[in-house]
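Visitor: fold the following for me, if possible:
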Amino acid sequence: MAERNTLVMPIAKMARRNDKFREVVWTGDKTQLVLMAIPEGGEIGGETHEGHDQLLYFVDGMGKAKIGDDEMEISAGDVAVVPSGKYHNFKNTGTGMMRLYTTYSPPEHAPGAEHDSKAEAEADPNED
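Guide: Okay, the predicted model is just below:
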């Protein structure tokens, strides 16, 4: 699906319907909005974004967050704040899909990027 050019979206509803690992829905000059879905037992994958702050808003499921040296449980209704330069990973420890939407400031991914799975995202030469 192509990026939306609308400035108001039912993002929580969109996130609950999303089954793609990653779908970039809007990219601006300084911020990007992305849907994500992590399958049961899956994870986003440990990473550090240099020069990018990230906020992750969980709408379905439950899991474990690791941000820096801290580990905590996460569930629907939680938001995780990942400052630039901080190692992080999020694992789905529940049953069913863990769904969320996330913002990157500044944008992290190619506008309109879509990946059905983590493996597809990792194989994309446009992703680092």
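Visitor: just how off-centre is stretch 54-65 within its chain?
Guide: Taking C-alpha atoms, centre = their mean, to the nearest Å, one finds stretch 54-65 lying 8 Å from the centre of the chain it belongs to.
Visitor: list the contacts of it.
Guide: For stretch 54-65, contacts defined as C-beta atoms under 8 Å, 6 or more residues apart in numbering pick out 12, 15-16, 36, 38, 71-82, 88-94, 96-105, 108. All C-beta spots, glycine's among them, are computed from the backbone N, C-alpha and C.
Visitor: just the buried members of those?
Guide: 15-16, 36, 38, 74, 76, 78, 80, 82, 88, 90-94, 97-105, 108 (16 or more other C-beta atoms under 10 Å).
Visitor: doesn't Glu73 lie inside a strand?
Guide: Yes: Glu73 forms part of a strand when assessed by DSSP: H, G, I helix; E, B strand; the rest coil.
Visitor: of all the residues in stretch 52-66, which ones are buried?
Guide: Counting neighbours by 16+ other C-beta under 10 Å, the buried set in stretch 52-66 is 52-54, 56-63, 65-66.
Visitor: closest to Glu127 out of those?
Guide: His52 (13.4 Å; C-beta to C-beta).
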